[in-house]
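Trainee: Can you look at this prediction? I've put the sequence above it.
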There are 2 protein chains.
Amino acid sequence: MSAVVNFAKGEGAYRVLSQADIIAEIAALPGVAGILGGKPSEWSIRDVADGYINAVFIIDGPDGGVCAKQGLPYVRYHGESWPLDETRAFYEASYMRRLEPVVGRLAPKLLHFDPVLQFIVMEKLSPHVVLRGALIEGRTFPKVASDIGRYIAAASFHTSDLGVPFERKFDDIALFSGNKSLLRISVDLIFTDPYVEVWRNRFVPELSAWAKAFREDTELKTAVAIRRNAFLSNRQALLHGDLHSGSVMVTEEDSRVIDGEFSTFGPIGFDLGAFVANLVINWYGQAGYARDEAERAAHRIWLLDQIAVLWNAFRAEFIRIWEANPDAGGDGYPAAHFADPAGRARLATIREQYVADIFEDLVAFAAIKIIRRILSYAQVADFLVIEDTQRRAEVQANALAFARAVLKDPARFRDFGAFLDAIPRFEGTPLDPALAR
Amino acid sequence: MSAVVNFAKGEGAYRVLSQADIIAEIAALPGVAGILGGKPSEWSIRDVADGYINAVFIIDGPDGGVCAKQGLPYVRYHGESWPLDETRAFYEASYMRRLEPVVGRLAPKLLHFDPVLQFIVMEKLSPHVVLRGALIEGRTFPKVASDIGRYIAAASFHTSDLGVPFERKFDDIALFSGNKSLLRISVDLIFTDPYVEVWRNRFVPELSAWAKAFREDTELKTAVAIRRNAFLSNRQALLHGDLHSGSVMVTEEDSRVIDGEFSTFGPIGFDLGAFVANLVINWYGQAGYARDEAERAAHRIWLLDQIAVLWNAFRAEFIRIWEANPDAGGDGYPAAHFADPAGRARLATIREQYVADIFEDLVAFAAIKIIRRILSYAQVADFLVIEDTQRRAEVQANALAFARAVLKDPARFRDFGAFLDAIPRFEGTPLDPALAR
């Protein structure tokens, strides 16, 4: 009865691929080799791993390049002492295939997936850069926030009870329910570790009093518990699951979402909140960078604008897709129940309420993700580049105080105006949490 | 990538079993044959199918009996023109196996499951009777309401984020996500059909005005939509999915839940609401039976009492199990987050809020299930035994008016006192809905 086949693993022998192995694998794929051009001896390969988890390479040939990624049986950054299911590559590939028809060129194209080697080959993004690093440098990108808003709108609508019959959704749920190793990381690092003492936590000693205050804050832990339960129980749509600024690659004209290995069904506000959290993190981090004051101020105004742009783009696109697909077959709001004038009018109200509920989730998940990046494992460069740990802690305390207010007093943050307005007010938060608001 | 193996079907040739085939199948199972005793030639078999869907038989031998059930490739009552996936027996057997350790003797014991034939053999319940028929006869059972309350408490706690780590829950979700044919029936017959014109709807002509009023009631359809979305998206716990009075077998001392083929993850209030709905249906139905007035009144008081007994038993048992299992490993409320005095006190509040939320769901799902049994397919004997269709329609109009009030004015039904108090007030509802409250 427990004969659930592990279809995520191919039949055969997994091995960690060397750079030479990767060249050989690609040489055996005519479609991919054709993109590179020339002979394998003319190809070059370089390690471009940026995140904590996976092995990632760029392979270039005379005609073009591709990106290759292998799921390792451990966390790359941490080594074999932290084992991790290599089938995460299966879930990343499944996520890309599931969403390709609806997000199109807002993600790189999947070229190949090998379930035995847990080996993905995808479109090389060039001259794209990772958004996080570019934001730290103070660079701005006119399209990214609206692109990400539209990406989340399309991905979530078309995997929800609005966009597909539940049979299709349940097939997706059955598949992504297998992605347990990665979801355990999300549950622990985002929702659990920041509020207990655990070996993985990485905050600087200067933040110890704040970490202790958070561990002892029953009100805060209750607010987090509500969202942890929603994250695990509300199967609203297929999520990316880790949509921070390190999972987005950009140029001035183009934005792409990468790294879907944390994909899971959950509340739509979780992906939106993750992206917003990382813009807020960058906003607070800016205070710790040596930079011309006028430049810093201008960049910060741009960042706050992007949060609003993201939300407005998501909201408009989500409602536009919903209105444009009255016969999508979703079981949530069957067309036949809302066909008369009163029904059509009510459906407009229902749509407004639906996105309003997503907004409420967004705000809370953003706060939880901010906290997680300061107190838990896998911290972010936005803060790590501030080498003076006292200064880093001061900047992080600002972000922690903001996030705490959002979670403990949600009535203050019912619209985005209030949310954006509050961010600067938490600068100058003291390192002694007892003295903070 | 869509290589989801259909593990619900065994490898081999399915066939519909004759009574002789069933005898032969059981003769080949030493453990089961031993329960019957004697030789197969001494065994008798009889068709006891009671519900709409499955073939069910009792096989008796010199020493004892067993119950056998086969999933047919169609709806038994309706015939081959309504095809239905026979793997529903796999899901029923999976449900029984998953819950046996936690509900024990509140369900029959599963003796055998054959995935090729979709053939289940289980404990014969004797001298048990189906609760629905007994209630129609005006019989009472002192233990059933508290037994069902305890059954739902144990089944739901131990399959939720309170009782198991999410990895275990996600394995269960992956398995039960395959039960799509039966869930489609639930979605259509419970949540969709009653509010549109569809060939399957079975209400008597005298109720046409009520059916039309419901089809045109945007407010009502909106309230139903909220619960339909929760049913499909809130994976709170493993549900029975069809826990009406026809799915319960009773004696004075014993109660057993049967027929778990509609099992799915969903909101806990759905199972509670289904059972409550069928007690309410019986309460309204009593007015249509020829019976001594004092007997009728006494039975109705007993029925209302049972609704309260069910809820109180569920509530007490659910909280008792939660308190008794602080280290169950559930990710919902990790023990380490609520270990200090303030945390422990908060956890008590959280538990109260958790069951209060279940209560709110119960009330709404009960109303939806009442409506479904009057306007949709698969009506219930409680009403069908009233042969005078005018009288039947009058009784059903009472129940419809009550259910509509519950859905459209939930603030009136925030506690069980208000819910029980309102039931009798809807007797005498006119057949013209325009004249009704």
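Mentor: Received, thanks. Numbering: from 1, shown residues only, chains lettered A, B, ... in the order given.
Trainee: Only C-alpha atoms from now on, for both contacts and neighbour counts.
Mentor: OK.
Trainee: How many residues are close by A:Ala46?
Mentor: Just to correct that, residue A:46 is Arg rather than Ala. 12 (other C-alpha atoms under 10 Å in any protein chain shown).
Trainee: for it, what are its contacts?
Mentor: Shown in contact with A:Arg46 (C-alpha atoms under 8 Å, 6 or more residues apart in numbering or on different chains): A:Phe57, A:Ile58, A:Ile59.
Trainee: wait, which of the residues you listed is closest to A:Asp254?
Mentor: Closest approach to A:Asp254 among these (C-alpha to C-alpha): A:Ile58, at 19.3 Å.
Trainee: Would you mind giving both backbone torsions of the nearest residue to that closest one once chain neighbours are set aside?
Mentor: Excluding the flanking residues, the one nearest A:Ile58 by C-alpha to C-alpha, 6 or more residues apart in numbering or on different chains is A:Cys67, at 4.6 Å. The phi and psi values for A:Cys67, taken as degrees, to the nearest 10, are phi -110, psi 130.
Trainee: Kindly tell me how buried A:Cys67 is, as a neighbour count.
Mentor: 21.
Trainee: Please name the bridge partners of it.
Mentor: A:Ile58, A:Met122 (DSSP bridges).
Trainee: gap between it and A:Leu347?
Mentor: 44 Å (C-alpha to C-alpha, to the nearest Å).
Trainee: swap in A:Leu189?
Mentor: Following C-alpha to C-alpha, the distance that separates A:Leu189 from A:Leu347 is 38 Å.
Trainee: pretty sure A:Pro115 is touching A:Lys9, no?
Mentor: Yes. The criterion here is C-alpha atoms under 8 Å, and A:Pro115 meets it with A:Lys9 at 5.5 Å.
Trainee: shared neighbours of the two, which are they?
Mentor: With C-alpha under 8 Å, 6+ apart as the test, A:Pro115 and A:Lys9 both reach A:Thr87, A:Phe90.
Trainee: if we can go back for a sec, turn the contacts of A:Arg46 into CSV, columns for neighbour count, pLDDT and distance to A:Ile185.
Mentor: Putting those into CSV (neighbours: other C-alpha atoms under 10 Å in any protein chain shown; pLDDT from 0 to 100; distance: C-alpha to C-alpha, whole Å) gives the following:
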residue, neighbour count, pLDDT, distance to A:Ile185
A:Phe57, 20, 97, 24
A:Ile58, 20, 97, 27
A:Ile59, 21, 98, 30
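Trainee: With respect to B:His240, which of those residues is nearest?
Mentor: Looking across the contacts of A:Arg46 and measuring by C-alpha to C-alpha, the closest to B:His240 is A:Phe57, at 48.7 Å.
Trainee: How about that closest one: what's its closest non-neighbour residue?
Mentor: A:Asp47 (4.5 Å).
Trainee: and that neighbour, how many neighbours?
Mentor: Neighbour number of A:Asp47 under other C-alpha under 10 Å is 13.
Trainee: do A:Arg105 as well
Mentor: 14.
Trainee: Excluding residues flanking it in the chain, which one is nearest it?
Mentor: Nearest residue to A:Arg105 in three dimensions, chain neighbours excluded: A:Arg256, at 7.2 Å (C-alpha to C-alpha, 6+ apart).
Trainee: Next, work out how far apart A:Ala405 and A:Thr87 are.
Mentor: Applying C-alpha to C-alpha, the value for A:Ala405 to A:Thr87 is 38 Å.
Trainee: which of these two has more neighbours?
Mentor: Neighbours of A:Ala405 and A:Thr87, each counted by other C-alpha under 10 Å, are more numerous for A:Thr87; the result is 29 against 17.
Trainee: Please name the residues that touch that one.
Mentor: If you count contacts by C-alpha under 8 Å, 6+ apart, A:Thr87 has them with A:Ala8, A:Lys9, A:Gly71, A:Pro115, A:Gln118, A:Asn179.
Trainee: Residue of chain A nearest chain B, please.
Mentor: Closest to chain B within chain A is A:Ala174: 4.1 Å, counting by C-alpha to the nearest C-alpha.
Trainee: What strand or helix carries that residue?
Mentor: In this structure, A:Ala174 sits in helix A:166-176 according to DSSP states H and E.
Trainee: Kindly list the longest helix within chain A.
Mentor: If you go by DSSP state H, chain A has its longest helix at helix A:341-375.
Trainee: And the next helix or strand after that helix, what does it pack against?
Mentor: Per DSSP H and E, the first helix or strand lying C-terminal to helix A:341-375 is helix A:381-384. Helices and strands touching helix A:381-384, by 3 or more C-alpha pairs under 8 Å, 6 or more residues apart in numbering or on different chains; DSSP states H and E, are helix A:131-136, helix A:268-285, helix A:389-408.
Trainee: at 6 Å what do you get?
Mentor: When contacts are defined as 3 or more C-alpha pairs under 6 Å, 6 or more residues apart in numbering or on different chains; DSSP states H and E, helix A:381-384 packs onto helix A:268-285.
Trainee: got the angle between the helix it packs on and helix A:341-375?
Mentor: Relative orientation of helix A:268-285 versus helix A:341-375 (axes from the mean of the first three to the mean of the last three C-alpha atoms, to 10 degrees): 40 degrees.
Trainee: Restricting the selection to alpha carbons, write helix A:268-285 to PDB.
Mentor: In PDB, the C-alpha atoms belonging to helix A:268-285 read as follows (Å, rounded to 0.1, in the frame of the first residue of the first chain):
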ATOM      1  CA  ILE A 268       0.600  32.700  -3.500                       C
ATOM      2  CA  GLY A 269       1.700  35.400  -1.000                       C
ATOM      3  CA  PHE A 270       4.700  33.300  -0.100                       C
ATOM      4  CA  ASP A 271       6.500  33.900  -3.400                       C
ATOM      5  CA  LEU A 272       5.500  37.600  -3.500                       C
ATOM      6  CA  GLY A 273       6.600  38.000   0.100                       C
ATOM      7  CA  ALA A 274      10.000  36.400  -0.600                       C
ATOM      8  CA  PHE A 275      10.800  38.900  -3.400                       C
ATOM      9  CA  VAL A 276       9.500  41.900  -1.400                       C
ATOM     10  CA  ALA A 277      11.600  40.700   1.600                       C
ATOM     11  CA  ASN A 278      14.800  40.800  -0.400                       C
ATOM     12  CA  LEU A 279      14.100  44.300  -1.700                       C
ATOM     13  CA  VAL A 280      13.500  45.400   1.900                       C
ATOM     14  CA  ILE A 281      16.700  43.700   3.000                       C
ATOM     15  CA  ASN A 282      18.600  45.500   0.300                       C
ATOM     16  CA  TRP A 283      17.000  48.800   1.400                       C
ATOM     17  CA  TYR A 284      18.200  48.300   4.900                       C
ATOM     18  CA  GLY A 285      21.600  47.000   3.700                       C
END
